[in-house]
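In: Here is a sequence together with a model predicted from it:
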Amino acid sequence: MTLPPLTAVICLEYDSAGSPAYVAHCLELGIASQGSNIEEARQMLQEAVEGFLDVASPAEIERRIEEGGHAVALMELNLTPIQVPVAA
């Protein structure tokens, strides 16, 4: 089975203690991992994807790719403008 190009999306998030973590998602397979910086998150995601591909059946891999892994939609947000107070 030839895989299509896989996409990684890496986002900065904060845990409940306020510590930063970079969360990486492979959109096509629905796999996620994290790291303390962008490069570590990318490497951890690559390891997670490789591990999944080592053990998953061809049918499971194909199903995830066909379904798109993570549901993704691009849309415009219509927001009501608000005034944000600025600290003096």
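Out: All right, it came through fine.

In: what residue is smack in the middle of this structure?
Out: H25 (1.8 Å; CA atoms, centre = their mean).

In: and that one, what pLDDT?
Out: Here the pLDDT value assigned to H25 is 93.

In: Same question for the helix or strand where it lies: list its buried residues.
Out: Using DSSP states H and E, H25 falls within strand 20-26. For strand 20-26, burial by neighbour count (16 or more other CB atoms under 10 Å) applies to Y22, V23, A24, H25, C26. All C-beta atoms are positioned from the backbone trio N, CA, C, and that covers glycine.

In: same question, stretch 3-11
Out: Neighbour count says stretch 3-11 has L6, A8, I10 buried, by 16+ other CB under 10 Å.

In: Would you convert the residues you listed into a markdown table that also reports secondary structure?
Out: Shown next, in a markdown table, are these (DSSP: H, G, I helix; E, B strand; the rest coil):
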| residue | secondary structure |
| --- | --- |
| L6 | coil |
| A8 | strand |
| I10 | strand |
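
In: still on that earlier bit, could you list every helix and strand that the strand holding H25 packs against?
Out: The contact analysis (3 or more CB pairs under 8 Å, 6 or more residues apart in numbering; DSSP states H and E) places strand 20-26 against strand 8-14, strand 31-35, helix 38-55.

In: Deepest-packed of those, please.
Out: strand 31-35 (a mean of 19; mean count of other CB atoms under 10 Å).

In: Just want the angle from it to strand 20-26.
Out: Here the directions of strand 31-35 and strand 20-26 differ by 150 degrees (axes from the mean of the first three to the mean of the last three CA atoms, to 10 degrees).

In: what about dumping the CA coordinates of strand 31-35 to PDB?
Out: Listed next in PDB are the C-alpha coordinates belonging to strand 31-35 (Å, rounded to 0.1, in the frame of the first residue of the first chain):
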ATOM      1  CA  ILE A  31      -2.900  10.100  15.600                       C
ATOM      2  CA  ALA A  32      -1.500  12.600  18.000                       C
ATOM      3  CA  SER A  33       1.600  13.100  20.200                       C
ATOM      4  CA  GLN A  34       3.300  15.900  22.000                       C
ATOM      5  CA  GLY A  35       6.700  17.300  22.900                       C
END
